[in-house]
Each structure stands twice: as structure tokens, then as C-alpha cells.
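Asker: A predicted structure for the sequence below; I have some questions about it.
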Amino acid sequence: MKANRSFRRVCSLVLLQVLFASVCAAAQNSALSPTNIFAPASTPARSVFRISSFVLEITGAIFVVVFSLLAYAVIRFRERKGDDEFEPPQVYGSNQMEVAWTILPVLIVIVLFLSTAQVIHRVQDAPPPPDAIHVTVVGHQFWWEYRYVQYGFVTANELHVPVSDPRRPTPTYLALLSDDVDHSFWVPRLAGKTDLIPNHPNSMWIDPYETGVYLGQCAQFCGEQHAKMLIRVYVQTRADFDRWVKEQQQPAASDPSAAAGSALFVTKTCFACHTIRGTAAMGTIGPDLTHLMSRDTIASGTLANTPQNLRAWIRNPDAFKPGSKMPVIDMTDDEASQLTAYLTTLR
């Protein structure tokens, strides 16, 4: 009997150690994740993190109390030898207990309600300061359009914003629109997810504290390639952001060596879907390509933006993103190379 008890104790300790190691490993992996919700880097995300932690602490305390009482009842009143010989004391109620388990949950719900309402008000009703950045985000199947209206240009898939100094915050306010179906803009380290609903403008704001690249995802199922509708937010120093804005405001570069590819862009009707500022291409169905090669990725984060990937994408977009609205264009290998050579000049 003693040997069995010792064996069970050893097994319990080993199990606890395994669980502890698993929790530590999960926490470490979460800390390294670029989409870690427990490492907020912006005021809205920090507010969401704090209220989440507060709710977790309260519900955790409730769990400990209930589990402790349950464990005590199971151990204290477990079946013993001779229990069938008499009937246990019958308890038919306690007014004090009934009042307690009615009032305490009501108070807990009120506290959670008021705390949540305060966070929602602080995030959703925050007035923009005079020097705030304003960007209109339009969700498409399956890519993102970013309109920097105050600066006079449009880009796609990679959002650039300046870092915000806590001593003098410079938030970026996003007006959220949808061109087709429901989408949802979610960058976990910067803010909670906010839906983009057709014919129903929405909004959110971010004020990142640290420079870097923050990753996100469309968080509302929007069709076949929902999983490949990725978000990349580039947080830059103010000087780098201003330099990027100045470059994006310029028209497309003109390179005489890529004249053949430029002509193909027109004859293959690419101009009907895409815009290249400074040329006759003024389409709005697909992403603006004016400074295509200034982006790190294409196809909304699906592929690295290299000439090889760009050429493969032009030849057969469905091979990488089935269901995308990018059509397969009939062209020879030489024409594909010429068109790719032209697009790689758009920096």
C-alpha cells in the first residue's frame, strides 16, 4: 500500500513538472511571436491587455475559491466505512449563503461592466490631436488599400506610420471601409480587431511606442483566400516616415530601357485594374503599383517581392492565391520578362 502511494506521488510530481515546463515553453514562444497579444506596443492594445488581465485575475480567483471548496467537500465528506448505517444531517438552506452567492456575483458583474465600459470609451471616443495621421483603409478580396488622403497618394498592403512619443503622442487614425464583403483589421500588438463592413464606415487608432514591423491578419472570414490577407504595419521614426511619404508622393519613375514592358502594361490591359501615377494607368480594381518595388511583399504578404516571384505571380496568380481576382494574362515568356522588367523599375 505504501509503495503504491509513493508511486502515485512520484507520478503526480512528474506530471506537475511536465505541465510547468509546457506552460513555460508556451509563454516563451508567445513572447517571441510577432502577433503576441500579451506584448502590447500601443495604447489601445495596452488597454485591451489590462482589462483582459483584470478579468483573468477575477475569474481566476473565482476558480480557486470554487475549486478549493469543491476539493474540501470531496475530501472532507468522502464515503467512509459505516456511512450506510445512518443518514447524514439534512441541511435545507441558509439565508446567509443565498444572500452571499446572489450579491457577490452581482457586484462582480457590475465591476466588470464598468471597467469594460471605461476602456471602450477611452479607446473609441479618443479625440484626434491636430497633428494626428489619417489613413483610409479599404478592404478588398483579398488585399488592403491604404489612402493617405492628407498626403495625396495611395499604396497597398503595407501600412507605414510614425512612432508615437508618449510625451507627445502622434496617433494614426484609421477610417475603415470595405469594397465588397466583411473584413476585419487586426494587428494584435497595436489594437483590438475592428470590422470593415460594406456601407458602414468604422474607425480605430494606434500609437505605436516602438519602431519595427507589426504583423496582423484579416480576422473576419471573407472568402477563399481570407488566410492570405495579411497585414504588415511599418512603424518608423518621424524622419524615416517623412522621407517615405516624400518618396511615395512622387510619380512613377520613367526608365527608357523598360519601354517594351511599359507598352505591354497597356496592351495587356493591366492599366484597366491598376494605377501608376504619372502614366495613363488609372485603374482602381487592383493595388496601386506606382512604387511597387518599395514594398517587401506582394499579394498581401503572400510572397517576398522579388523579380522571380513577381514574374511567377504575373504568369499564374492562382498558383499562389487561388480565388484572387488577378486574372491569368495570355503572354509569352519574353513578354512576361519584359513586363516584369518594367514593374521592377517602379521604386
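Answerer: Great, that's in hand.

Asker: may I see the buried residues of the helix or strand containing residue 338?
Answerer: Taking DSSP states H and E as the definition, residue 338 sits inside helix 333-343. Applying a neighbour-count criterion of 16 or more other C-beta atoms under 10 Å, one finds 335-343 buried in helix 333-343. Every C-beta, even on glycine, is put in place using the N, C-alpha and C of the backbone.

Asker: tally up the residues packed near residue 78, please.
Answerer: Using other C-beta atoms under 10 Å, the number of residues around residue 78 comes to 8.

Asker: on the three-state scheme, it is what?
Answerer: When classified by DSSP: H, G, I helix; E, B strand; the rest coil, residue 78 comes out as coil.

Asker: for the remainder of this discussion, apply numbering that starts at 31.
Answerer: Understood, numbering begins at 31; the last thing we discussed is residue 108.

Asker: roughly how far apart are it and residue 118?
Answerer: From residue 108 across to residue 118, the span is 12 Å (C-beta to C-beta, to the nearest Å).

Asker: where along the stretch 181-330 of the chain do the strands fall?
Answerer: 183-186, 188-192, 202-208, 213-216, 224-226, 232-236, 242-248, 260-266, 327-328 (DSSP state E, counting those that start in this stretch).

Asker: sheet-wise, list the partners of the fifth one with their directions.
Answerer: When sheet partners are counted by DSSP bridges, strand 224-226 sits next to strand 213-216 (antiparallel).

Asker: and the partner strand, C-alpha only, in PDB?
Answerer: What follows is the C-alpha trace of strand 213-216 in PDB, where atoms were taken according to Å, rounded to 0.1, in the frame of the first residue of the first chain:
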ATOM      1  CA  HIS A 213     -13.300  42.100 -43.400                       C
ATOM      2  CA  SER A 214     -11.600  42.800 -40.000                       C
ATOM      3  CA  PHE A 215      -8.400  44.700 -39.400                       C
ATOM      4  CA  TRP A 216      -6.400  43.200 -36.500                       C
END
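
Asker: show me how far it is from its chain's centre.
Answerer: With C-alpha atoms, centre = their mean, to the nearest Å as the basis, the distance from the averaged C-alpha position of strand 213-216 to the chain average is 7 Å.

Asker: pLDDT on it, on average?
Answerer: Here the mean pLDDT over strand 213-216 is 95, rounded to a whole number.

Asker: tell me which residues in it are buried?
Answerer: Applying a neighbour-count criterion of 16+ other C-beta under 10 Å, the buried positions in strand 213-216 are 213-216.

Asker: between those, which is nearest residue 97?
Answerer: Here the nearest of the buried residues of strand 213-216 to residue 97, counting by C-beta to C-beta, is residue 216; it sits at 33.4 Å.

Asker: so the closest one is in contact with residue 225, correct?
Answerer: No - at 9.5 Å, residue 216 and residue 225 do not qualify as touching, with contact defined as C-beta atoms under 8 Å.

Asker: leaving out sequence neighbours, find the closest residue to residue 200.
Answerer: Residue nearest to residue 200 in three dimensions, not counting chain neighbours: residue 194, with 4.7 Å by C-beta to C-beta, 6 or more residues apart in numbering.
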